[in-house]
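**Q** Build the 3D model from these lines:
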Amino acid sequence: MRVKTDRSIKEFLAEAEDILETAGSLLLVLESGLETGTKDPDKLNALFRAVHTFKGLAALFGLSASSEVAHKLESLLDGLRLGKVILNPDILDLLTETVTLLGRQVRQAATQQPFDQGLSIRERIDRILLPQSSPAYHHSLKEHIAVDPGILQVLTEYEEHRLQECIGERKNLFLVKTEFSLAEFETAIKDLNAILKKHGEIICTLPMSGARTAGIGFSILVATADNQEQFSAAISLRSGAVEHIPYRDTVSAEEQKQENAELKSVSNTVRVDIYKLDQLMNIVGEMHLVKNIIGRIGKELRVQQGFVGISMDLFRAQRSLERKLNSLQEGIVEVRMVPIGQIFTRLSHMVKKYAREAGKDIDLQLFGEETRLDKLMIEDLADPLMHLIRNAIDHGIEPSAVRQALGKPEQGVVRLRAFPLGNHVVITIEDDGAGMDPKRILAAAVERGIVKPNHQLDPERDSKEILDLIYVPGFTTRGMVTELSGRGVGMDVVKQNVSKLAGMVDIQSMLGTGTLFTLTLPITLAIIKALIIESGGQIFSIPLSSVLEIHQATNEDIETIEGQEVLSIRNDTLPLLRLANVFHLPQDDARIKFYVIVVGLAERRLGLIVDDLRDQQEIVIKSLGKRLSDIPGVAGATELGDKRGVSLVLDVESLIENSLTRLVTVPKNGDIQSGSPGTPEQ
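**A** Prediction:
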């Protein structure tokens, strides 16, 4: 083999190493795509071009063996590009070995070592390429898409293959028609191609005859996952048009048989009615009750017999049943989970409608659409979220002229965000509007008899408590020409709906800056873990997701501030509520010690005074029916599966709300509450 001079080889070595390094990086991308099941034709094309360049350089510098290996590799890559060879781990290994061989040949030539001709690899590539034939395409591309036949006639074999692949993936097809002046042509077409590649795949670029200007026109066929509105907005053509190429409605039976692997995999998806999943989850809940009964029987046997014989066998069986039930439960819950983006999309359409009706320019920003939540919970969240967003638009965001006078951007912003937090999902609705004025809220509450005239609330010190007044039934500031107008109307319904989902609502607002509502919800209500407690001789269940911590205390630990019982925990003052008083249950005055269960979230915390703690277990919350659904402090009932029978499930949000407002609100009968500790909730 004759080669160039030493200087020529060094020049070739420097350039060849750069090319092969690029080829190695592209192979890593192909390997990653193979593992994830994704395809990137641009990377495969880039690898093909790199090998083609290497082949020419090797021939130029007299490395005929390297040029021949590169030629074989180029043919293999062309087969991959055209779909005649399917990329799999074995093919990928062969590609990697061939690029490695080329690098070794270059180094051997540079150091004049014995030269590896690569005969084995050439033979392996030949065996792969020998049986290749054109893939069995559908009868004709024109039978699938309504496009000018003249375009299809001039497609290269590779372009036809890429178009066929995109049709198989059901991508949207667009024909971008544009014109450029001769002066700007080179830069403009380059910039346009860069934008198009970010949003899809360029199938082909064809010259367009009959340009309206003294320039040059092009028709660019593009495949993308974007719809026409998204695609048109993304490319923002200054001149020209975007034409959507529709799919034809009819597909023959033979074509259906030839669907590629990507389309065939879609058939693995099965639609399931969510209420059928709900029934399955109820059955799992009943099985948890059976498991608890088995556990209780096993516990009684162990007391009688110890950890031997049948008591130990029953213990092992109960633990095995518990593991399998938990796995089954997790599987059903996972099937019920859907992206919250489903409801975000609906909300975005309503925002445009409300903004148009209100004559306001509003930008809705969505974050965390991929956050997953129980399907039934998402549907129940639709009304509360819609109400909050409508209020933000109607009464939060100021008109453009007002915003401009205040030095704000003319376009208002509403941000809807969702993110997971442990076993919860947090949803926030934020606007950059006028914010809430605690002074006006307090004045409206006094005027409507919601707050006692002799209250001691301070708008600056007690702003949080005052903002919470908007949840009181009947509260409204209608008629006030501020951000508050209507903000309170129906907010008690929002609170109730979120509370039914075992969730909590929090408000933060700054006058002149905006308002933030935060909804915190469990990811599912199908089956939840609960803390079983006793108070006044009755058994209650508290969702464990609402429990922050538990303390044991005595009467000496309790202080009274302005008629409210409180407990000092780590230098923080925690308001207390005696659960027995809430439900008018008898109290054991001789009891020295009791438990304080801290429930709530962040600053909205409350200490529930209970007599005893029983245990923890999975429960299924059952409705109490329409007649009993409005009982304050109760979210539903559950069966405990043992001698304790049925237990009421506490509505933590309702208990917190009633406790924090009972000293300043007037009950429906018009009597001012005394504010004495332990007064039963009205």
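**Q** part of a strand, is residue 594?
**A** Yes. According to DSSP: H, G, I helix; E, B strand; the rest coil, the state of residue 594 is that of a strand.
**Q** when you give positions from now on, start the count at 794
**A** In the new numbering, first residue 794, that becomes residue 1387.
**Q** Show me where the stretch 1344-1475 of the chain has its strands.
**A** 1351-1354, 1357-1362, 1365-1371, 1386-1394, 1397-1403, 1405-1412, 1427-1432, 1439-1443 (DSSP state E, counting those that start in this stretch).
**Q** What is the burial count for the residue nearest to residue 1339 when sequence neighbours are not counted?
**A** Excluding the flanking residues, the one nearest residue 1339 by C-beta to C-beta, 6 or more residues apart in numbering is residue 1445, at 4.2 Å. Placement of C-beta: from N, CA and C, glycine included. For residue 1445, the count of nearby residues is 26 (other C-beta atoms under 10 Å).
**Q** what's the answer for residue 1178, then?
**A** 24.
**Q** Surely it and residue 1211 touch.
**A** No. Under the criterion of C-beta atoms under 8 Å, residue 1178 makes no contact with residue 1211, lying 10.1 Å away.
**Q** Work out for me the element residue 1322 sits within.
**A** strand 1321-1328 (DSSP states H and E).
**Q** got a list of contacts for that strand?
**A** 1295, 1315, 1332-1338, 1340, 1372-1373, 1376, 1378, 1388, 1390, 1402-1412, 1414, 1431, 1433, 1437, 1440, 1442 (C-beta atoms under 8 Å, 6 or more residues apart in numbering).
**Q** residues contacting the nearest residue to residue 953 once chain neighbours are set aside?
**A** The spatial neighbour of residue 953 that comes closest, neighbours along the chain excluded (C-beta to C-beta, 6+ apart), is residue 934 at 7.0 Å. Residue 934 makes contact with 940, 945, 953, 956, 957, 960, according to C-beta under 8 Å, 6+ apart.
**Q** buried sites along stretch 1075-1094?
**A** Residues of stretch 1075-1094 classed as buried by neighbour count (16 or more other C-beta atoms under 10 Å): 1077, 1078, 1080, 1081, 1082, 1084, 1085, 1087, 1088, 1089, 1091, 1094.
**Q** just stretch 1407-1425 next, same as before
**A** 1407, 1410, 1411, 1412, 1413, 1414, 1417.
**Q** ok now it, how far from the chain's centre?
**A** How far stretch 1407-1425 lies from its chain's middle: 29 Å, per C-alpha atoms, centre = their mean, to the nearest Å.
**Q** average pLDDT across it?
**A** When pLDDT is averaged along stretch 1407-1425, the result is 78.
**Q** Then stretch 1001-1009?
**A** Stretch 1001-1009 comes out at a mean pLDDT of 61.
**Q** now for that stretch, what's the gap between its first and last residues?
**A** 7 Å (C-alpha to C-alpha, to the nearest Å).
**Q** cool, stretch 1231-1250 as well?
**A** End to end - C-alpha to C-alpha - stretch 1231-1250 spans 10 Å.
**Q** Kindly report the same for stretch 1219-1232.
**A** 29 Å.
**Q** Tell me which residues of that stretch come out buried.
**A** 1219-1231.
**Q** Tell me the span between the first and last residue of stretch 1379-1392.
**A** Using C-alpha to C-alpha, the two ends of stretch 1379-1392 sit 23 Å apart.
**Q** for stretch 1215-1229, same thing?
**A** 31 Å.
**Q** And stretch 996-1015, by the same measure?
**A** End to end - C-alpha to C-alpha - stretch 996-1015 spans 6 Å.
**Q** So what are the structural domains in the protein, by residue number?
**A** What automatic domain parsing lists as the domains of the chain is 799-922, 934-1043, 1067-1131, 1133-1315, 1321-1454.
**Q** which stretches of the stretch 994-1143 of the chain have low pLDDT?
**A** 1002-1008, 1030-1033, 1042-1064, 1142 (pLDDT under 70).
**Q** Strands of that one, start to end?
**A** So, for the stretch 994-1143 of the chain - with DSSP E, counting those that start in this stretch - the strands run 994-1001, 1008-1017, 1034-1038, 1130-1132.
**Q** Same list, those strands, but as CSV with mean neighbour count please.
**A** Converted to CSV, the strands of the stretch 994-1143 of the chain look like this (neighbours: other C-beta atoms under 10 Å):
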stretch, mean neighbour count
strand 994-1001, 17
strand 1008-1017, 20
strand 1034-1038, 14
strand 1130-1132, 17
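**Q** Would you mind putting the ones you listed into JSON lines with distance to residue 976 alongside?
**A** Compiled in JSON lines, the strands of the stretch 994-1143 of the chain are given as follows (distance: least, C-beta to C-beta, whole Å):
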{"stretch": "strand 994-1001", "distance to residue 976": "18"}
{"stretch": "strand 1008-1017", "distance to residue 976": "8"}
{"stretch": "strand 1034-1038", "distance to residue 976": "22"}
{"stretch": "strand 1130-1132", "distance to residue 976": "48"}
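**Q** so which of those strands gets nearest residue 971?
**A** strand 1008-1017 (6.0 Å; C-beta to C-beta).
**Q** How far off centre is the closest one?
**A** The answer for strand 1008-1017 is 35 Å, by C-alpha atoms, centre = their mean.
**Q** strands paired with it, and their directions?
**A** strand 965-974 (antiparallel), strand 994-1001 (antiparallel) (DSSP bridges).
**Q** the inter-axis angle of that strand versus strand 1034-1038?
**A** Counting by axes from the mean of the first three to the mean of the last three C-alpha atoms, to 10 degrees, strand 1008-1017 lies at 40 degrees to strand 1034-1038.
**Q** want to try CSV for the strands paired with strand 1008-1017, with distance to residue 819 as columns?
**A** Shown next, in CSV, are the strands paired with strand 1008-1017 (distance: least, C-beta to C-beta, whole Å):
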stretch, distance to residue 819
strand 965-974, 27
strand 994-1001, 17
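**Q** wait, which of these is closest to residue 1103?
**A** Nearest to residue 1103, of the strands paired with strand 1008-1017 and by C-beta to C-beta, is strand 965-974 at 66.2 Å.
**Q** residues making contact with the helix or strand just after the closest one?
**A** Moving toward the C-terminus from strand 965-974, the next helix or strand (DSSP H and E) is helix 978-992. Helix 978-992 is contacted from outside by 835, 969, 971, 973, 995, 998, 1008-1009, 1011, 1013, 1015, 1017, 1019, 1024, 1027-1028, using C-beta under 8 Å, 6+ apart.
**Q** Show me which of the residues you listed is closest to residue 1113.
**A** Once C-beta to C-beta is applied, the member of the contacts of helix 978-992 that ends up nearest residue 1113 is residue 1019, at 50.7 Å.
**Q** Show me where the stretch 1194-1343 of the chain has its helices.
**A** For the stretch 1194-1343 of the chain, helices defined by DSSP state H, counting those that start in this stretch occupy the ranges 1231-1240, 1256-1260, 1284-1293.
**Q** Going by neighbour count, list what's buried in the first one.
**A** Buried residues in helix 1231-1240, defined by neighbour count with 16+ other C-beta under 10 Å: 1231, 1233, 1234, 1235, 1237, 1238, 1239.
**Q** ok, of those, which one's closest to residue 1199?
**A** residue 1233 (17.8 Å).
**Q** Report the separation between residue 906 and residue 974.
**A** 56 Å (C-beta to C-beta, to the nearest Å).
**Q** quick one: low-confidence parts of the stretch 1244-1393 of the chain?
**A** For the stretch 1244-1393 of the chain, the stretches with pLDDT under 70 are 1267, 1269-1283.
**Q** now with 80?
**A** 1249, 1265-1283, 1317-1320, 1355-1356, 1381-1383 (pLDDT under 80).
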